[in-house]
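Colleague: need coordinates for the following:
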Amino acid sequence: MTFLRNISIFITIILLLFITGCDQSGAPLPRGYFRIELPEKDYRTFDTVFPYSFIYPVYAQVIPDNRPNAEPYWADVYFPDFKASLHLSYKTIANEDQLFEYIEDGRNFINRHIPKATGFNETMYTNDEANVHGILYEIRGREAASPMQFFMTDSTHHYLRGSLYFNVTPNNDSLAPVIRFLSEDIRIMIESLEWK
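Modeller: Model prediction:
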């Protein structure tokens, strides 16, 4: 009799452990992403024969654009750790109509992201002392190809457009920490921009 009693107690304990140990709601777990190690912030100056200069991070490289359709003073600010490039396109302004054309061109590039975007933020930049004015566009959306674009101008001679792209399949949910990290760098570049 004691043997049967001990077996029933043992089975009861096992059943209680099994029932309390299996407390899962059945809902799938959210998708996880790899931890991204971000470097420490530090900056240097890009000041060459180009008609503009700016401060950029030490973990980036400024590479002149050598593609066949590239124009003088085009460059890529390349972030090798993140497989990202900030493409810089420079234009000289001859007249007011040309400035309007460049600005509209830039807006057309941004409008191409509307189908994949869930929202936009526009930030106006004005530095009267350096005669630099423009707009930074932050493009939200999981599949938006370029999460940040901007244009800067002095309205008479210089026009600079920038667009950030990652050399990976767009998934801005997993790239969100890197986008936030690089957005600080892009803002510093814009705020430090000077014409020559």
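Colleague: and residue 174, which of the three is it?
Modeller: helix (DSSP: H, G, I helix; E, B strand; the rest coil).
Colleague: how near is it to residue 168?
Modeller: 9 Å (Cβ to Cβ, to the nearest Å). Using the backbone N, CA and C atoms, a C-beta is placed for each residue, glycine as well.
Colleague: so these two - more neighbours on which side?
Modeller: For the pair residue 174 and residue 168, the greater number of neighbours falls to residue 174 (16 against 11), based on other Cβ atoms under 10 Å.
Colleague: gap between the more buried one and residue 142?
Modeller: Residue 174 is 9 Å from residue 142, by Cβ to Cβ.
Colleague: same question, residue 100
Modeller: 33 Å.
Colleague: more neighbours: which of those two?
Modeller: Using other Cβ under 10 Å as the criterion, residue 100 and residue 142 rank with residue 142 on top: 14 against 11.
Colleague: tell me where the model's unsure across this structure.
Modeller: Counting by pLDDT under 70, the chain shows low-confidence ranges at 1, 3-4, 15-35, 170-173.
Colleague: for it, just list every one of the strands.
Modeller: Under the criterion DSSP state E, the chain contains strands at 43-46, 52-57, 61-64, 75-79, 84-92, 119-127, 132-140, 148-153, 158-166, 194-195.
Colleague: and residue 94, how many neighbours?
Modeller: Quick note: residue 94 (other Cβ under 10 Å) scores 10 neighbours.
Colleague: I meant residue 92, not that one.
Modeller: Neighbour tally, residue 92, other Cβ under 10 Å: 12.
Colleague: do the same with residue 50
Modeller: 18.
Colleague: contacts only, for it.
Modeller: By Cβ atoms under 8 Å, 6 or more residues apart in numbering, the contact set of residue 50 is 73, 75, 90, 196.
Colleague: chain neighbours aside, what residue packs nearest to the first one?
Modeller: Okay, so that is residue 73. Once flanking residues are discounted, residue 73 sits nearest to residue 90: 4.0 Å by Cβ to Cβ, 6 or more residues apart in numbering.
Colleague: using PDB, write down the CA coordinates of stretch 71-83.
Modeller: What follows is stretch 71-83, C-alpha atoms only, in PDB (Å, rounded to 0.1, in the frame of the first residue of the first chain):
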ATOM      1  CA  GLU A  71      30.500  64.800 -62.000                       C
ATOM      2  CA  PRO A  72      33.300  66.800 -60.500                       C
ATOM      3  CA  TYR A  73      33.300  67.000 -56.700                       C
ATOM      4  CA  TRP A  74      30.900  64.100 -56.200                       C
ATOM      5  CA  ALA A  75      31.900  61.800 -53.400                       C
ATOM      6  CA  ASP A  76      30.800  59.000 -51.200                       C
ATOM      7  CA  VAL A  77      31.100  59.000 -47.400                       C
ATOM      8  CA  TYR A  78      31.600  55.300 -46.900                       C
ATOM      9  CA  PHE A  79      30.900  53.600 -43.500                       C
ATOM     10  CA  PRO A  80      32.500  50.200 -44.000                       C
ATOM     11  CA  ASP A  81      31.400  48.700 -40.600                       C
ATOM     12  CA  PHE A  82      27.800  49.300 -41.600                       C
ATOM     13  CA  LYS A  83      27.900  48.700 -45.300                       C
END
